[in-house]
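>>> Here's a sequence, model it:
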Amino acid sequence: MFPACKYTLQARQCLCSLKVLQREHLPSLFCATRWSSSSSTTPRITSHYTIYPRDKDPRWEGVDMERFVDEADVVVVGAGPAGLSAAIRLKQLAGEQGKELRVCVVEKASQIGAHTLSGACIEPSALQELFPDWKERGAPLHTPVTEDKFGILTEKYRIPVPILPGLPMNNHGNYIVRLGHLVSWLGEQAEELGVELYPGYAAAEVLFHEDGSVKGIATNDVGISKDGSPKDTFERGMELHAKVTIFGEGCHGHLAKQLYKHFNLRQHCEPQTYAIGLKEVWVIDEKKWKPGRVEHTVGWPLDRHSYGGSFLYHLNEGEPLVALGFVVGLDYQNPYMNPFREFQRWKHHPTVLPTLEGGKRIAYGARALNEGGFQSLPKLTFPGGMLVGCSPGFMNVPKIKGTHSAMKSGMMAAETVFSKLTNENLQSETKGLCVPEYEENLKNSWVWKELYSVRNIRPSCHGLFGVYGGMVYTGIFYWILRGKEPWTLKHKGLDSAQLKPAKDCMPIEYPKPDGKISFDLLSSVALSGTNHEHDQPPHLTLKNDNIPVNNNLAIYDGPEQRFCPAGVYEYVPKETGDGMRLQINAQNCVHCKTCDIKDPSQNINWVVPEGGGGPAYNGL
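Below is the predicted model of the structure:
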């Protein structure tokens, strides 16, 4: 388990062996009752303990549920740009001032960076602050932007749009990167400074002190069968306690959702809005390769009321690689919309197709991204913890960038936490330290000013002229006034509430994939390296197993089978032949969280699977 707990590990192995022996010699009557209760019931879609508590399940009687405990000064949840920047900055400050500080980072991916996906064209400002010598250290920023193009697509043509200096889309001075490689490099820097990294351990539960403050987290249990019963190999997760816990799970984090409710953190902000981003990496003909070129488009194949667009980046990493992708705002209204197939269709546009012809697709992935911006930022601090990065949503939507602001938020969190922990006169009203100075400092930083200045651009696309109205608004009020207009526009509300009933919408006919430029969904998911232990409870849980058929299928024609970018949800005929049922292929899940966000019934709750499961992205 955790290297710092050598004796804890030995004890755990001992107890595991005892558990196996105990089960082998349990009274036969108890065993028969325990397992027959499982087989005699109607199979459920959802078997996860968050829906069906184990203390009411006779199959869990007599199972040792004790957890082993370890303690640190600071625990960071999520080894992304924000979480790693926070951990690194904490250890930098500790080294500068000669302080001992134990910092632990837990990450659900099997390797650091394996769940990271982004375009990505990044601003190096925060990296420059964190490591002024990042070039000498070998940070994998190999492709400075040399050419910037933007256009509006019609079905057959591209209308070029000039990118004037000062507009959000201007990428002068930025770098095209494979963000997973940058995150992996940040992990190496963190380890060199003494940060303890634990990939493959998913934070499954927030722990609280008796006074209500955050105590730390618990990692997920392992060794649970698909039907929710314990295997002989069952092991309880471990508790990690800390004075402060920093939550940097990324977009729509599983634990952040719990914290929003527990501390009412979203009381004074608008609901968060989201998009889904789909991405591929291709090796193309070297004659078509333009290292450093950045291309963005809006328009076709989306209509003007569907927010979204494309990116196509030419990397310079020793071979002719391009990263390309498509983003669709999750506030779309037509339940027949299929973001994956929109992406595949876009690649056949006459101005995109020539770049890809003769090339080979080598990677695929998808993730949700925050689009609410300034209006949707929650309260960031609470007793015992704080939120950083894409978890609360520091993405600059018009720029299509969030890495720089995520890293900066992590660094500022670290600086305020360190100041608090090393204050010899510290007095705290709660056991878990509250650090409100983090949010106060952030409001005085360039992160807050940047998000405020672009706050109206995304919601300006909700008007009569849609995306094109938003472009006009940007030209007038951002380029001229720099976001100083004396009003703040509102979003439309929850993305889950935007779908119209299927009877009010036209089905969308998508062309069949040709296997050369466009592809089917399952062959795409295969390129993501996604893998989960099959015999575990599905981590896509349903609050009510009947709602998908009775509501989603009946009213919206089952939109989850279209908005999921990994083929997790299928409506299939019942074995009895009297209707349809929802089938969840949880092993396909790429951890994008789109289902949790867009489900019109808000019946799906995404929770963490066993640690190490999910995609295995290589530099996405």
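>>> Pull out the buried residues from stretch 487-501.
Burial within stretch 487-501, assessed by neighbour count using 16 or more other Cβ atoms under 10 Å, is assigned to 489, 491, 494-496, 498-499. Bear in mind the C-beta positions are built from the backbone N, C-alpha and C, glycine included.
>>> and if you look at stretch 522-540?
Neighbour counts using 16+ other Cβ under 10 Å place 524-525, 527-530, 532, 536-540 of stretch 522-540 among the buried residues.
>>> Over to stretch 448-461?
448, 450-461.
>>> Which members of the residues you listed occur in helices, if any?
448, 450-453 (DSSP state H).
>>> Output stretch 206-215 as CSV - backbone C-alpha positions only.
This file holds the C-alpha atoms of stretch 206-215, laid out as CSV (Å, rounded to 0.1, in the frame of the first residue of the first chain):
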residue,chain,number,x,y,z
VAL,A,206,-14.3,12.6,1.9
LEU,A,207,-13.7,12.1,5.7
PHE,A,208,-14.9,14.6,8.3
HIS,A,209,-14.0,15.5,11.9
GLU,A,210,-16.8,15.6,14.5
ASP,A,211,-16.8,19.4,14.1
GLY,A,212,-17.7,19.1,10.4
SER,A,213,-14.4,20.1,9.0
VAL,A,214,-12.6,17.9,6.4
LYS,A,215,-10.3,15.3,8.0
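>>> Tell me the gap between that stretch and the middle of its chain.
Using Cα atoms, centre = their mean, to the nearest Å, the distance from the centre of stretch 206-215 to the centre of the chain it belongs to is 25 Å.
>>> Could you do stretch 138-145 as well?
Between the centre of stretch 138-145 and the centre of its chain there are 24 Å (Cα atoms, centre = their mean).
>>> Residues touching it, excluding its own?
With Cβ atoms under 8 Å, 6 or more residues apart in numbering as the contact definition, stretch 138-145 has outside contacts at 121-122, 124, 127, 131, 134-135, 171-178, 181-182, 185, 291-292, 294, 313-317.
>>> Kindly recompute the last result at 7 Å.
Around stretch 138-145, the neighbours that count as contacts under Cβ atoms under 7 Å, 6 or more residues apart in numbering are 121, 124, 127, 171-172, 174-177, 181-182, 185, 291-292, 294, 315-317.
>>> distance between the ends of that stretch?
Using Cα to Cα, to the nearest Å, the end-to-end distance of stretch 138-145 comes out at 18 Å.
>>> Also stretch 242-254?
The separation between the terminal residues of stretch 242-254, taken as Cα to Cα, is 19 Å.
>>> Report the mean per-residue pLDDT for that stretch.
Per-region confidence: stretch 242-254 scores 97 on mean pLDDT.
>>> what does stretch 200-211 give?
Stretch 200-211 shows a mean pLDDT of 97 in the predicted model.
>>> likewise stretch 535-555?
96.
>>> Could you give me the buried positions within it?
536-542, 545, 547-549, 552-553, 555.
>>> For the stretch 501-620 of the chain, which segments count as strands?
In order along the chain, the stretch 501-620 of the chain carries the following strands (DSSP state E, counting those that start in this stretch): 540-542, 569-573, 580-584, 604-606.
>>> centre of the chain versus the next helix or strand after the first one, how much separation?
It stands for strand 540-542. Heading C-terminal from strand 540-542, the first helix or strand you meet, by DSSP states H and E, is helix 547. Chain-centre distance of helix 547: 25 Å, with Cα atoms, centre = their mean.
>>> Please apply the same query to stretch 601-615.
Using Cα atoms, centre = their mean, the distance from the centre of stretch 601-615 to the centre of the chain it belongs to is 11 Å.
>>> Which entries within the contacts of stretch 138-145 meet the buried criterion?
Applying the neighbour count, that is 16+ other Cβ under 10 Å, the buried entries in the contacts of stretch 138-145 are 121, 124, 127, 171, 174-177, 181-182, 185, 291-292, 294, 315-316.
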